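**Q** kindly generate the corresponding structure for this input.
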Amino acid sequence: MRLNFINIWGNYVSKAIPGKLFYPLPTGKVHDNIFAICDRNDTNFFVYTNGKNYICFDVGYINNNYVKDDFRKIGIDPKSISHVFLTHTDMDHAGAVDKDSKSNWLKPGVHIYMGRIEENLIRKRQRRRFLFYTPIEIEKEYHLLDDNDVIVVGDIKVKAIHTPGHTCGHQAYLVDGKYLFAGDLLLLKDEKATAFYKIWNMDHEQDKQSIRKIAQLKDVELMCTCHSKCTFDFKTTMADWVEKLNKDK
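**A** Numbers count the residues shown, from 1 in each chain. You can find the predicted model right below:
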């Protein structure tokens, strides 16, 4: 493992802080065609399927072959996943595709997508936080997405939404116009959306701007976060952000 501040914080320091910081879902079905995998009781990544095609949003920690048991629980063969959409490249979201990861549950040649600007982090062109670079390095082939790009997988439509702040190239993904995978853009607390913890955000004010951006989405039936579960009441969850937008007009 390449040790630096980001790795040390995530693996050791944050786990020693009293109180619970994150509330991921247990592994299981979230909705008819959406399944959550719980990795290290710390984060979720998600599988979406229409019964014919299987795609994944984030992939969890490095060396996480233990999630094969989770896939057995939900009755999905992880080798059936054809496309992976990374919300960002932090170690708890992109670890399984890191160049040194021994994770082998994804099939060779799986299509990997991430935000175009996020590439700056894994190529060490930009620091993740303070003076430190991200520990993640990806050598597998990947594809870069810009804001509003749409990828079609069979009958599934995935729209990329550039939502910087937590990281410079963070992306949320809107699937089939109604399922939103928000990554670490925000946290859900008492059915309300709040900005992600400032200590982990590259630009906290920009993170808030990105939340205001997605607050304007229509017809979202379900929003999933990676560390604080999901909500079927997007309108109520985002109400405070919409109210502030209206006041600023």
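
**Q** so which helix or strand takes in residue 138?
**A** Using DSSP states H and E, residue 138 is not contained in any helix or strand.

**Q** tell me which residues touch it, please.
**A** 89, 94, 97, 98, 99, 112, 122 (Cβ atoms under 8 Å, 6 or more residues apart in numbering). Quick note: C-beta positions are derived from backbone N, CA and C, even for glycine.

**Q** now do the contacts for the second one.
**A** Listed by Cβ under 8 Å, 6+ apart, the contact partners of residue 94 are 58, 59, 86, 88, 114, 122, 136, 138.

**Q** do the third one as well
**A** Contact partners of residue 97, counting by Cβ under 8 Å, 6+ apart, are 59, 84, 86, 103, 106, 112, 138, 140.

**Q** report the two of those separated the most.
**A** Spanning the widest gap among the contacts of residue 97 are 86 and 103, at 13.9 Å by Cβ to Cβ.

**Q** more neighbours: these two, which one.
**A** Neighbours per residue, other Cβ atoms under 10 Å: of residue 86 and residue 103, the larger number sits with residue 86, 29 against 20.

**Q** quick check: that one touching residue 116?
**A** No. Look at residue 86 against residue 116 with Cβ atoms under 8 Å: they stay out of range, at 12.0 Å.

**Q** residues shared between the contacts of residue 86 and residue 103?
**A** Among the neighbours of residue 86, those also in contact with residue 103 (Cβ under 8 Å, 6+ apart) are 59, 97.

**Q** got the phi/psi numbers for residue 113?
**A** phi -130, psi 150 (degrees, to the nearest 10).

**Q** brain fart, residue 213
**A** Per-residue torsions, residue 213: phi -60, psi -50 (degrees, to the nearest 10).

**Q** what about residue 158, helix or strand, and which?
**A** Residue 158 belongs to strand 156-162, assigned by DSSP H and E.

**Q** quick one: strands adjacent to that strand?
**A** With DSSP bridges as the test, strand 156-162 is paired with strand 150-153 (antiparallel), strand 171-175 (antiparallel).

**Q** buried residues, that strand. List them.
**A** 156, 158, 159, 160, 161, 162 (16 or more other Cβ atoms under 10 Å).
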